[in-house]
Each structure stands twice: as structure tokens, then as C-alpha cells.
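Novice: Got a sequence here, can you build the structure:
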Amino acid sequence: RLEGVESITRLEVGDCMGPGTSLSGNPMLDDVDGFASLAQLGDLQILGNEALVSAQVLGVLATNGAGPLGDVEIMWNTSLPEQAVNTALDELGVTGVRTVCGNSGGTGPCDCGIE
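Specialist: Residues are numbered from 1 along each chain as shown. Next up is the predicted model:
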């Protein structure tokens, strides 16, 4: 259980395995939740989770008064509303690199950057 976790340096959910859109995600994962006490998160990466419809962790961070995130990559989650992700990130702030693309209703194409 992750309800008691208050701080995470880097959270990675899914992965990019090579050039283009070759992914290794979690095809059945529909939410990133269960972090009720999370108040600090450094970097966030959510990649290639086809069933993901909510990134509740962003709302929890805002509710708990978290400061800005570091680097953020939220890409190729084809059921996750990109506009909602961008709104949540605007509220939290991002101090590092922010890459949001290839999600539901969003911009594309995007590339993982691995050569």
C-alpha cells in the first residue's frame, strides 16, 4: 500500500524502449492512484499505458500542497485526456523539461528521443 508515502524522488510508470513509439507500458492500468499522503514529487514519467484514464496522483499532489515538479514526461497514454493533464501540470508547475503528447485528444506524434 502506498497511502503513507509522502515524498518520491522519481516516479516512472511505463517505459519507452527505443526509437519511435516502441513502448513497454502497463496495458491494463487505468489509474495512477493510492498516494493519498504524497506531498512532494521530483520527476514524473507516465508512458504507454493504453487503458490509463486518470492520473489522480497529480490531483493528490495539488490537494496536499506540493511544490512544482522537476522533469515531466506524460506520453502515449491513449485513453488519458491530455487537456486534463496539462491543466493539472499548469496548477502544480514544472521546473524542468515538460513533455506531454500522444495522449487522448492531444498533440502528436511524439518520440521518446532514444536513438
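Novice: Low-confidence ranges, this structure, go.
Specialist: By pLDDT under 70, the weakly predicted segments of the chain are 1, 16-24, 108, 112-115.
Novice: need the helices for it, in chain order.
Specialist: Ranges of helices within the chain are 56-63, 82-92, based on DSSP state H.
Novice: could those go into a markdown table alongside mean neighbour count and distance to Asp43?
Specialist: (Each C-beta comes from the backbone N, C-alpha and C, glycine too.) Formatted as a markdown table, the helices of the chain follow (neighbours: other C-beta atoms under 10 Å; distance: least, C-beta to C-beta, whole Å):
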| stretch | mean neighbour count | distance to Asp43 |
| --- | --- | --- |
| helix 56-63 | 18 | 13 |
| helix 82-92 | 16 | 13 |
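Novice: need these in JSON lines with distance to Ile8, can you?
Specialist: JSON lines is the format used below for these (distance: least, C-beta to C-beta, whole Å):
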{"stretch": "helix 56-63", "distance to Ile8": "9"}
{"stretch": "helix 82-92", "distance to Ile8": "14"}
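Novice: of those, which approaches Gly48 most closely?
Specialist: Of all the helices of the chain, helix 82-92 sits nearest to Gly48, with 14.3 Å by C-beta to C-beta.
Novice: Name the residue closest to the centre of this structure, please.
Specialist: Centroid-nearest residue in the chain, with C-alpha atoms, centre = their mean: Ile46, separated by 3.8 Å.
Novice: Test of understanding: give the bridge partners of it.
Specialist: Val13, Ile74 (DSSP bridges).
Novice: Touching, it and Ala55? I think so.
Specialist: Yes: here Ile46 lies in contact with Ala55, judged by C-beta atoms under 8 Å, at a distance of 6.2 Å.
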